[in-house]
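>>> got a sequence here, can you build the structure:
(chains A and B)
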Amino acid sequence: LAKTTQPISMDSYEGQEVNITCSHNNIATNDYITWYQQFPSQGPRFIIQGYKTKVKNEVASLFIPADRKSSTLSLPRVSLSDTAVYYCLVGLAGDDKIIFGKGTRLHILP
Amino acid sequence: DSGVTQTPKHLITATGQRVTLRCSPRSGDLSVYWYQQSLDQGLQFLIQYYNGEERAKGNILERFSAQQFPDLHSELNLSSLELGDSALYFCASSVGFGFQGNTEAFFGQGTRLTVV
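Down below sits the predicted model:
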């Protein structure tokens, strides 16, 4: 499994766009990049998944450069309720494990 | 609501005891994953089952065991409990296993285990 590196914590303000970058230098050809969100005392929730270029859904965007050695989760116009831990995962299609790292603790301020 | 049901929600027990945590996956999901999350710690992968068979093992202690039944629900058994086993235990399910393309894992609300 490719190792991921994310900032431990980030602060931002309501209404701002937040970008969380994840480094995965040894990503393999068949690896997908997936982001999860976890609120305190709740199970993680899938946000978005991508393989290359840009993916967008109603919640977030995921930007993946051509070399795929990093990815950026973009949360538009955050609110206080976006305060959570965000996990970047990189895994091989067909791999059985879903392994979480330490994640990024995002704190949104009023 | 993720569709994954975990029972009980809370459990308080004494050291040395044995407990069983139960997980019902989303309808149609064949994979079940178990995770442990201690206070301020990340999610530790314990074990994964696919359609009744063990598929992958993480850092699961020998005192812990799990199984997935023919109706696809799963149980995590924790024995000879120690204070350090106090944690949130999450179950997740997915249609396939691992990162098969658009595989998305759905998590339950967890069982909070307190060992006193």
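>>> going forward, measure contacts between C-alpha atoms and count neighbours the same way
Noted.
>>> any weak-confidence spans in the chain?
Assuming you mean chain A. Within chain A, the segments meeting pLDDT under 70 span A:1-2, A:92-97.
>>> nope, chain B
Chain B contains residues with pLDDT under 70 at B:40, B:97-103.
>>> the chain: strands as residue ranges?
Let's take chain A. For chain A, applying DSSP state E gives strands covering A:9-13, A:18-23, A:31-38, A:45-50, A:53-56, A:61-64, A:70-75, A:84-92, A:104-109.
>>> wrong one, chain B
With strands called from DSSP E, chain B shows them at B:5-7, B:10-13, B:19-24, B:31-37, B:44-50, B:53-57, B:64-68, B:74-78, B:87-94, B:106-107, B:111-115.
>>> before we move on, the earlier item: can you redo the strands of chain A as a markdown table with mean neighbour count and distance to chain B?
Below are those laid out as a markdown table (neighbours: other C-alpha atoms under 10 Å in any protein chain shown; distance: least, C-alpha to the nearest C-alpha, whole Å):
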| stretch | mean neighbour count | distance to chain B |
| --- | --- | --- |
| strand A:9-13 | 14 | 13 |
| strand A:18-23 | 20 | 16 |
| strand A:31-38 | 22 | 7 |
| strand A:45-50 | 21 | 7 |
| strand A:53-56 | 14 | 12 |
| strand A:61-64 | 22 | 14 |
| strand A:70-75 | 21 | 17 |
| strand A:84-92 | 25 | 6 |
| strand A:104-109 | 19 | 11 |
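>>> tabulate these (TSV), appending distance to B:Q68.
Formatted as TSV, those follow (distance: least, C-alpha to C-alpha, whole Å):
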stretch	distance to B:Q68
strand A:9-13	37
strand A:18-23	34
strand A:31-38	25
strand A:45-50	23
strand A:53-56	35
strand A:61-64	34
strand A:70-75	35
strand A:84-92	24
strand A:104-109	32
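>>> how about the spatially most central residue of chain B: what's its closest non-neighbour residue?
Central residue of chain B (C-alpha atoms, centre = their mean): B:W34, 2.9 Å from the mean position. Closest residue in space to B:W34, ignoring its immediate chain neighbours: B:C91 at 4.6 Å, by C-alpha to C-alpha, 6 or more residues apart in numbering or on different chains.
>>> OK, contacts around that neighbour?
By C-alpha atoms under 8 Å, 6 or more residues apart in numbering or on different chains, the contact list for B:C91 reads B:V4, B:Q6, B:C23, B:V32, B:Y33, B:W34, B:Y35, B:F107, B:G108, B:G110.
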